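Colleague: Show me how the following folds:
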Amino acid sequence: MAATGGGSGGGRACFVLGASGETGRALLRELLARQLFARVTLIGRRRLSLGEETRAAVEQAVVDFERLGEHAAAFQGHDVGFCCLGTTRAKAGAAGFVRVDRDYVAQAAELARAGGCKHFVLQSSQGANQHSRFLYLRVKGEVENLVQAVGFDRCTILRPAVLLCKRQESRPAEWMAQQFLGIVARVFPTAYSVPVEAVARAMVASVLQPGEGKVEVLENAAIHKLGKAVPQQGT
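Modeller: As a prediction, this is how the structure comes out:
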């Protein structure tokens, strides 16, 4: 790949969907710290409040996901697309979850491909399976298939286990689970969880390194490994 760590991006451009989420924020930090792209566009339903330095380094495109086809211009001219878009059933209801995690993502992928995107990097979930009896895993499996069918030159799908992070929004049950998994991770570091920072680094590394075929699916252990392939900032 043309992009290399520490460069100025070589004229390449990328977009990020879901930059307001935990993984999206970690990904944005990685992208800006490593200066992999000359242009970074955040595509979302609202403008994000960013620090002055970050605000100067990115572009923001505000779109209506219910009328996404009217915002094709936002997806034009990007070499790589990163997608961390998602919600929860508890927050959006079953229908809302399907609409965001499957329909929005699939339509965004189509617009990105039409706009010239060559490499699409999708954050999915461990256990994703279109035939699952569980809505969450079924929808994740369905969107994986839809994105692959778009026909990108290269498609990387990451299937992280439980994400370890410090959420801005309060989710008490999830916080308790994370405390437990944080302890388990000391014994089984790649089995049941992964820090969002590791997922973000793996997403970056997938762009820096040659892919293994047109479609590459990275399970949790592979995410840990690939995340280590790109050294952490400041180390």
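
Colleague: Neighbours of T54, how many?
Modeller: Neighbours of T54 under the rule other C-beta atoms under 10 Å: 15. For every residue, glycine as well, the C-beta is placed using N, CA and C.

Colleague: who are the neighbours in contact with it?
Modeller: Counting by C-beta atoms under 8 Å, 6 or more residues apart in numbering, T54 touches 28, 32.

Colleague: so it, which of the three states?
Modeller: helix (DSSP: H, G, I helix; E, B strand; the rest coil).

Colleague: so what pLDDT did it get?
Modeller: Note for T54: predicted pLDDT of 84.

Colleague: For the residue positioned nearest the centre of the chain, which non-adjacent residue is closest in space?
Modeller: Nearest to the geometric centre of the chain sits C84, at 3.0 Å (C-alpha atoms, centre = their mean). Sequence neighbours aside, G18 is the residue nearest to C84 in space, at 3.5 Å (criterion: C-beta to C-beta, 6 or more residues apart in numbering).

Colleague: residue contacts, the one you found?
Modeller: Shown in contact with G18 (C-beta under 8 Å, 6+ apart): 24, 44, 83-86, 123.

Colleague: among those, who's most crowded?
Modeller: These, ranked by neighbours (other C-beta under 10 Å): first place Q123, 29 neighbours.

Colleague: what about the closest residue to V63 other than its chain neighbours, which SS state?
Modeller: Excluding the flanking residues, the one nearest V63 by C-beta to C-beta, 6+ apart is H71, at 4.0 Å. Assigned state for H71: helix (three-state reduction, three-state DSSP).
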